[in-house]
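J.: Structure, please.
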Amino acid sequence: MRFPGRVGLAALLAVSCGKRLEGARPGEVSLSPNLVCAAQLTTRVKVTGTNLSPLQTRALNGPLLELPVLTLSRTRDLDNAAAPDPAVKIPDDSSDPGASRVRWASQPEMSFEVFPELALKAGLYDFGVANPGGESSNTAGALLAVPPPTLTEVVPDLACGDLDNSLELRGDFFLQFGGLQPTIKLANLSLSPASMSDCRTLPGAGQVSACKTMRVALAKKAAPLGTQRVTVENPAPAGCSSSEPLTVTLVPEPTVTKIEPDLVCSEQGPNTLKVTGAGFLTVDAAAPVLNLALGIQVLSLVTVASDCTVGNRSVNFR
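T.: As a prediction, this is how the structure comes out:
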């Protein structure tokens, strides 16, 4: 058996020599924020606790700092049913600190990143800390991961842009917590919901509610006419956005420029009137209705549209 020479032995000892900053067991921690949307966002989470102790080692190219191992273990799904999954380790490489997703600041403070490639499932997670010396701790229910909001329907999806409107948005995971609510984006507008309903509380201590229905007020002439994309963005730190291509079409009020003839005899048989103007719509084969005020009497007349062009959603514009 060959033994290393003095120089080789010294190098070997230098590589294997380590200095642990503290030896106490890490305590339970708190995370800030304790709510993330991992599917779309990268979020840096602050870890506050005690005895978060790295191990300083010496290598040939200089000292290295081996950080505590951080893990996330899902225990509950968003319906609060048990969903035990294998622990997910937060990536860290002491030999390449620039690529690490873990940062150490001091004994009571660290941080880590939650990012889309981590592929966290939605649910409630326990948070584990294991110091390089072997001491470890686990904090139950420390982090809630939620999905982006989904938008399945906008009702109505056709409205008069020259009038005040109330739109109902249907979907899921419209979040509200701590007095914060989603933002509805329509054209160049950022709108707040007038009401939220069909809500349930998600697991965890953060009192986060997920709702399936929102109503939003759209003031007259606030948005440009035409077909406008509608998206929902949840409040930070779970600020993911809906990705479904839902729209609302805003049309102008109809205008009448001419009625021909403008003089008829109502006592002798039916009369045919030609109404000329703009913005007359047939929607899903339903034609406009012409209201004529004759003194105190209002007649609603069924019309036959002509001179039309086809728009979205089986809407004909004249």
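
J.: C-alpha from now on. contacts and neighbour counts both.
T.: Noted.

J.: per-domain residue ranges of this structure.
T.: Following automatic domain parsing, one gets these domains for the chain: 6-145, 150-251, 255-317.

J.: can you list those domains in a markdown table and add mean pLDDT and mean neighbour count?
T.: Below are the domains of the chain laid out as a markdown table (pLDDT from 0 to 100; neighbours: other CA atoms under 10 Å):
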| stretch | mean pLDDT | mean neighbour count |
| --- | --- | --- |
| domain 6-145 | 85 | 18 |
| domain 150-251 | 97 | 18 |
| domain 255-317 | 68 | 12 |
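
J.: which residues in the chain form helices?
T.: Under the criterion DSSP state H, helices of the chain are mapped to 6-16.

J.: From the chain's centroid, how far away is stretch 37-46?
T.: Put simply, stretch 37-46 sits 12 Å off its chain's centre (CA atoms, centre = their mean, to the nearest Å).

J.: Would you mind putting the CA coordinates of that stretch into PDB?
T.: The C-alpha coordinates for stretch 37-46 follow below in PDB (Å, rounded to 0.1, in the frame of the first residue of the first chain):
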ATOM      1  CA  CYS A  37     -47.800  30.300  -8.200                       C
ATOM      2  CA  ALA A  38     -44.900  28.200  -9.500                       C
ATOM      3  CA  ALA A  39     -46.300  27.400 -12.900                       C
ATOM      4  CA  GLN A  40     -45.500  30.900 -14.400                       C
ATOM      5  CA  LEU A  41     -43.400  32.800 -11.900                       C
ATOM      6  CA  THR A  42     -40.000  32.700 -10.200                       C
ATOM      7  CA  THR A  43     -40.400  33.700  -6.600                       C
ATOM      8  CA  ARG A  44     -37.700  34.200  -4.000                       C
ATOM      9  CA  VAL A  45     -38.800  33.000  -0.600                       C
ATOM     10  CA  LYS A  46     -37.200  34.200   2.600                       C
END
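
J.: For the residue minimising distance to the centre of the chain, which residues are in contact?
T.: Central residue check for the chain by CA atoms, centre = their mean: the C-alpha nearest the mean position is that of Cys240, 2.7 Å away. Contact analysis of Cys240 by CA atoms under 8 Å, 6 or more residues apart in numbering lists 37, 39-41, 147-149, 233-234.

J.: quick one: which of the residues you listed is nearest Ala285?
T.: Pro149 (33.5 Å; CA to CA).

J.: Touching, the closest one and Glu233? I think so.
T.: Yes: judged on CA atoms under 8 Å, Pro149 makes contact with Glu233 at a distance of 7.3 Å.

J.: which residues are common contacts for these two?
T.: With CA under 8 Å, 6+ apart, Pro149 and Glu233 have common neighbours 240-242.

J.: can I get those residues in TSV with distance to Phe127?
T.: Supplementary listing: the shared contacts of Pro149 and Glu233 in TSV, determined by distance: CA to CA, whole Å:
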residue	distance to Phe127
Cys240	23
Ser241	26
Ser242	28
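
J.: which one of those residues is nearest Asp284?
T.: Ser242 (27.6 Å).

J.: Can you name every helix or strand that the lengthiest strand in the chain contacts?
T.: Taking DSSP state E as the criterion, the chain has its longest strand at strand 165-176. In this structure, strand 165-176 makes packing contacts with strand 150-155, strand 209-218, judged by 3 or more CA pairs under 8 Å, 6 or more residues apart in numbering; DSSP states H and E.

J.: could you dump these to a markdown table with distance to Pro63?
T.: Formatted as a markdown table, those follow (distance: least, CA to CA, whole Å):
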| stretch | distance to Pro63 |
| --- | --- |
| strand 150-155 | 48 |
| strand 209-218 | 47 |
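
J.: For Ser166, which non-adjacent residue is closest in space?
T.: Excluding the flanking residues, the one nearest Ser166 by CA to CA, 6 or more residues apart in numbering is Ala217, at 4.6 Å.

J.: swap that for Ala39, sorry
T.: That would be Pro116: by CA to CA, 6+ apart, it lies 4.9 Å from Ala39.

J.: quick one: contacts for that neighbour?
T.: 38-42.

J.: rewinding a little: the residue nearest to Ser166 reaches Leu163, doesn't it?
T.: No: at 11.1 Å, Ala217 does not count as touching Leu163 under the criterion of CA under 8 Å.

J.: for the stretch 151-300 of the chain, what spans make up the strands?
T.: With strands called from DSSP state E, counting those that start in this stretch, the stretch 151-300 of the chain shows them at 158-160, 165-176, 183-186, 189-191, 195-201, 209-218, 226-233, 247-251, 255-260, 274-278, 281-283, 289-294, 297-302.

J.: Perfect, I'm done here.
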